[in-house]
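1. Dropping a prediction and its sequence here:
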Amino acid sequence: MKRILLVLAAAVFCCTACSSNPNQTRQQAAEATKQLKQESREAAGQLKNGAEAARTDLTAVAKGVRDGLKDKPSSLVDLNHAWEGQLMSLSGIHAPEARAIIRHRPYTSPHDAVTKGAITEQEYQKIAGKVTVTPR
């Protein structure tokens with residue numbers, strides 16, 4: 001915007017300084033204004049396109065964040081792949097239980113940890129919604 005005003009002021013100054021004919025000065029000022037008007041429209045179009053692209057990008061980012069927050073499987077602890085510390089982050093699972101879970105792998109379902117004797121049914125009930133198994 002500053003550029004446009006600067007060019008307009010320079011054009012008007014140049015026109016008045018270069019000619020003593022008022023009609024010629026008016027015509028030159030009109031031409032300079034016409035050119036600035038066209039450049040302003042083009043700049044506005046570019047700004048609009050840039051704003052639209054930025055809005056599209058921000059919408060994609062927001063959707064990605066929302067999808068990431070909804071992604072429950074990634075927040076589940078995999079009994080077939082988790083290391084001891086990850087298993088110990090589960091409620092009621094301490095080092096002995098975590099090592100037993102690791103020792104009794106592989107599992108075909110989360111409840112197999114009970115069936116194979118790695119943890120008790122009570123311990124399993126505390127972690128049931130927080131664990132999964134994927135094939136090894």
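-> Sure thing, it's come through. Numbering: from 1, shown residues only.
2. Against Y124, how distant is S109?
-> In this view, S109 and Y124 are 11 Å apart by CB to CB, to the nearest Å. Every C-beta, even on glycine, is put in place using the N, C-alpha and C of the backbone.
3. For the two, indicate the residue with more neighbours.
-> Y124 (19 against 12; other CB atoms under 10 Å).
4. Tell me who's in contact with the more buried one.
-> 110-111, 113-114 (CB atoms under 8 Å, 6 or more residues apart in numbering).
5. Can you select the buried ones from those residues in PyMOL?
-> A single PyMOL command is used to select the members of the contacts of Y124 judged buried by 16 or more other CB atoms under 10 Å:
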select buried, resi 110+113+114
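6. Could you list which of the contacts of Y124 belong to helices?
-> The helices, defined by DSSP state H, take in 113-114 from the contacts of Y124.
7. now the contacts of Y124 as a markdown table including pLDDT and distance to A95?
-> Shown next, in a markdown table, are these (pLDDT from 0 to 100; distance: CB to CB, whole Å):
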| residue | pLDDT | distance to A95 |
| --- | --- | --- |
| P110 | 97 | 20 |
| H111 | 97 | 22 |
| A113 | 97 | 15 |
| V114 | 97 | 19 |
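8. packing partners for the lengthiest helix in the chain?
-> Secondary structure assigned by DSSP H gives helix 22-70 as the longest helix of the chain. Packing contacts for helix 22-70, counted by 3 or more CB pairs under 8 Å, 6 or more residues apart in numbering; DSSP states H and E, involve helix 2-18.
9. Would you mind checking the average pLDDT for the helix it packs on?
-> For helix 2-18, mean pLDDT rounds to 59.
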